[in-house]
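Engineer: any chance you can model this:
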Amino acid sequence: MWKCCGVWGLVLTTFNANNKLTSNVPSCPDCTIGDHVHIAPGVTLSGGVSVGACSHLGTGATVIQGVSIGSGCLVAAGAVVTKDIADGEKVRGVPARKFA
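Structural biologist: Predicted coordinates for the structure are as follows:
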């Protein structure tokens with residue numbers, strides 16, 4: 001089921017296939033990252049975060065502990081995600097809110 005695993009911050013983080021992690025991504029303890037996810041520079045993932053397949057997290061976005069981001073989501077640059085995001089939603093702002 002899982003394509004590869006990495007250890008960041010000495011806690012298991014699970015990555016599926018074909019992810020793009022750019023520079024300056026800090027540790028994300030106990031996170032699960034789906035297939036084809038792009039994580040831009042400066043993104044902060046707190047513990048227990050789940051990111052669905054084909055999602056994009058923009059530069060400097062922050063995802064608070066325990067939040068789930070669905071498949072095919074867009075998190076805009078600088079957004080602070082404090083609540084779960086359903087599949088296919090686009091969010092922006094502080095706190096992050098859905099936009100068209």
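Engineer: per-residue pLDDT, residue 98?
Structural biologist: Model confidence at residue 98, given as pLDDT, is 97.
Engineer: can you check residue 77 too?
Structural biologist: 97.
Engineer: hang on, it packs against residue 40?
Structural biologist: Yes: because the distance of 7.2 Å satisfies C-beta atoms under 8 Å, residue 77 is recorded as touching residue 40. Quick note: C-beta positions are derived from backbone N, CA and C, even for glycine.
Engineer: compare these two (neighbour count), which wins?
Structural biologist: More crowded of residue 77 and residue 40, by other C-beta atoms under 10 Å: residue 40, with 19 against 14.
Engineer: from residue 98, how far out is that one?
Structural biologist: Taking C-beta to C-beta, to the nearest Å as the measure, residue 40 falls 20 Å from residue 98.
Engineer: repeat for residue 49
Structural biologist: With C-beta to C-beta as the criterion, residue 49 and residue 98 are 18 Å apart.
Engineer: the more surrounded of those two?
Structural biologist: residue 49 (23 against 11).
Engineer: spatially nearest residue to the more buried one (excluding sequence neighbours)?
Structural biologist: Of all residues not flanking residue 49 in the chain, residue 31 sits nearest, at 4.6 Å (C-beta to C-beta, 6 or more residues apart in numbering).
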